[in-house]
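Chemist: The sequence isn't on hand, but the structure is:
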């Protein structure tokens with residue numbers, strides 16, 4: 001284990017890595033329920049998608065751990081699954097089988113782009129200040145997810161307002177926030193994980209945490225969702241154009257969600273080299289591409305690197321052993337789904353909120369004196385939580401960076417590939433809003 005994962009070299013040990021992996025799992029376990037519920041709206045079988053979600057997460061996360069030796073976990077992405085169900089199927093009128101086929105093609109394209117080093121080059125094209133801003137933006141995004149999951153902030157007369165502080169769900173989250181904060185202040189190892197468990201226990205008498213009737217159950221069958229592809233759109237010109245647009249959207253959102261997560265979490269964990277590049281980025285992106293391809297075959301939407309991996313990194317996770325630990329928890333969840341389903345979002349919310357704090361530190365290193373650097377960094381940070389998308393934050397950051405540098409006579413400072421990435425964003429905006 002030491003020689004394979006280089007634990008000492010990365011300043012960690014087996015206990016820390018396993019605790020970190022469990023913490024990451026606990027903060028993202030909600031996907032086991034939310035993803036099947038989302039794709040069920042498109043007509044897919046809930047049980048089959050549950051099993052597909054768990055298996056795709058296991059295989060992709062194991063690949064990340066063994067091939068890239070990074071502490072990042074993967075699972076079907078939020079936002080991407082909603083686009084799959086509510087836009088492609090319910091709004092555009094295509095079958096879920098057609099949407100699943102688009103996900104398969106996306107995965108295969110990503111494998112090709114990874115081997116051609118295209119995605120790695122895109123990571124390296126992001127300016128250093130924006131890389132730091134991505135970490136900060138992800139922190140605010142994660143904190144916002146935690147606050148929203150707990151009902152501490154809700155949509156009201158204004159876009160966001162304070163929730164009902166007398167709600168049992170909010171009480172559980174606030175108690176958990178205080179308890180987890182105390183544990184962190186006292187330097188307790190595994191503070192985030194213990195905070196989640198204690199919050200779940202507090203939720204039992206308040207009726208927030210359900211007591212499962214059983215603990216162990218067999219995984220539901222994949223028969224109704226696995227390998228259910230439909231290539232019929234290839235013979236219909238209109239459908240073919242629609243699916244190309246869908247495919248491009250899948251590609252852009254997944255690519256920059258993954259790139260943003262890798263860069264942001266790696267920046268916080270000091271994993272970038274002296275040139276601001278992520279070592280073994282190709283291997284990490286390969287795990288993402290493999291996850292999406294296998295996920296489509298099993299019967300789930302696009303698999304991506306999870307921003308909740310930051311919770312495990314904050315617990316000290318630094319190597320692929322953390323990822324293997326998370327994958328192991330997903331494997332256990334396959335057979336103990338009632339137990340993991342019982343952990344409410346209010347119990348994991350405190351961990352997400354405090355991880356948001358941990359991700360803020362790179363803001364001290366952002367150049368705020370040069371407006372051609374400060375404004376793109378600011379837009380990157382603020383648009384992630386407000387647009388509820390890592391990819392949209394990067395989009396605003398890159399486009400503003402290119403425009404500001406170009407029209408202030410500093411265009412020569414912008415790498416050619418950064419201009420190309422900006423152009424790709426403009427194409428995405430056109431197809432999304434004007435086509």
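Modeler: Everything's here; your move. If you're wondering where the values come from, they're calculated on a predicted model, not measured in any experiment.
Chemist: Mind listing what's buried along the helix or strand encompassing residue 16?
Modeler: If you go by DSSP states H and E, residue 16 is part of helix 14-28. Under the neighbour-count criterion of 16 or more other C-beta atoms under 10 Å, helix 14-28 has 16-28 buried. For the C-beta atoms, the positions are set from N, CA and C on the backbone; glycine is no exception.
Chemist: Return, as residue ranges, the portions of the stretch 251-400 of the chain with sub-threshold pLDDT.
Modeler: Nowhere does the stretch 251-400 of the chain drop to pLDDT under 70.
Chemist: Which members of the buried residues of helix 14-28 are the farthest-apart pair?
Modeler: Within those, 16 and 28 form the most distant pair, 18.9 Å apart (C-beta to C-beta).
Chemist: thinking again about what came up before, for the helix holding residue 16, packing partners?
Modeler: Packing partners of helix 14-28 (3 or more C-beta pairs under 8 Å, 6 or more residues apart in numbering; DSSP states H and E): helix 191-203, helix 309-314, helix 320-335, helix 345-358.
Chemist: Single out the most deeply packed of these.
Modeler: With neighbours taken as mean count of other C-beta atoms under 10 Å, these reach their highest mean count in helix 309-314, at a mean of 29.
Chemist: gap between that one and the chain center?
Modeler: Taking C-alpha atoms, centre = their mean, to the nearest Å, one finds helix 309-314 lying 12 Å from the centre of the chain it belongs to.
Chemist: what comes into contact with it?
Modeler: By C-beta atoms under 8 Å, 6 or more residues apart in numbering, the surrounding residues in contact with helix 309-314 are 20-21, 23-24, 26-27, 71-73, 138-139, 142, 192, 261, 264-265, 268-269, 322, 326, 351-352, 354-355, 358-359.
Chemist: Likewise for stretch 405-419?
Modeler: Contacts to stretch 405-419, defined as C-beta under 8 Å, 6+ apart, come from residues 121-122, 124-127, 372, 398, 401-402, 404.
Chemist: again, 6 Å this time
Modeler: Contacts to stretch 405-419, defined as C-beta atoms under 6 Å, 6 or more residues apart in numbering, come from residues 121, 125, 372, 402.
Chemist: Which positions within it qualify as buried?
Modeler: By neighbour count on 16+ other C-beta under 10 Å, the buried set for stretch 405-419 is 405-406, 414, 418-419.
Chemist: In a markdown table, list those residues along with pLDDT and secondary structure.
Modeler: Compiled in a markdown table, the buried residues of stretch 405-419 are given as follows (pLDDT from 0 to 100; DSSP: H, G, I helix; E, B strand; the rest coil):
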| residue | pLDDT | secondary structure |
| --- | --- | --- |
| 405 | 96 | helix |
| 406 | 96 | helix |
| 414 | 93 | coil |
| 418 | 92 | helix |
| 419 | 94 | helix |
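Chemist: Of those, which pair is most distant in space?
Modeler: Farthest apart among these by C-beta to C-beta are 406 and 418. That separation is 10.8 Å.
Chemist: Just want the most central residue of this structure.
Modeler: Nearest residue to the geometric centre of the chain (C-alpha atoms, centre = their mean): residue 306, 2.8 Å.
Chemist: what is the orientation angle of the helix holding residue 16 with helix 320-335?
Modeler: Here the directions of helix 14-28 and helix 320-335 differ by 50 degrees (axes from the mean of the first three to the mean of the last three C-alpha atoms, to 10 degrees).
Chemist: what's the angle between the following helix or strand past helix 14-28 and helix 14-28?
Modeler: Next along the chain after helix 14-28, taking DSSP H and E as the criterion, comes helix 31-40. Between the axes of helix 31-40 and helix 14-28, defined by the same axes, to 10 degrees, the angle is 30 degrees.
Chemist: from the buried residues of helix 14-28, which single one is nearest residue 390?
Modeler: Distance to residue 390 across the buried residues of helix 14-28 (C-beta to C-beta) is lowest for residue 28, with 14.7 Å.
Chemist: Can you verify my assumption that that closest one contacts residue 308?
Modeler: Yes - here residue 28 lies in contact with residue 308, judged by C-beta atoms under 6 Å, at a distance of 4.1 Å.
Chemist: just to revisit the earlier point, just how off-centre is the helix holding residue 16 within its chain?
Modeler: How far helix 14-28 lies from its chain's middle: 16 Å, per C-alpha atoms, centre = their mean.
Chemist: From the rest of the structure, what touches that helix?
Modeler: 73, 190, 192-193, 196, 306, 308-309, 311-312, 315-317, 321-322, 325-326, 329, 348, 351-352.
Chemist: The same query, at a cut-off of 7 Å, please.
Modeler: 1, 7, 71, 73, 75, 189-190, 192-193, 196, 306, 308-309, 311-312, 315-317, 319, 321-326, 329-330, 343, 348, 351-352 (C-beta atoms under 7 Å, 6 or more residues apart in numbering).
Chemist: does the nearest residue to residue 87 once chain neighbours are set aside sit in a helix or strand, and which one?
Modeler: Counting by C-beta to C-beta, 6 or more residues apart in numbering, residue 87 lies nearest to residue 246, which is 7.9 Å off, once chain neighbours are set aside. Taking DSSP H and E as the criterion, the element that holds residue 246 is helix 237-268.
Chemist: State the distance from residue 321 to residue 14.
Modeler: Here residue 321 is placed at a distance of 7 Å from residue 14 (C-beta to C-beta, to the nearest Å).
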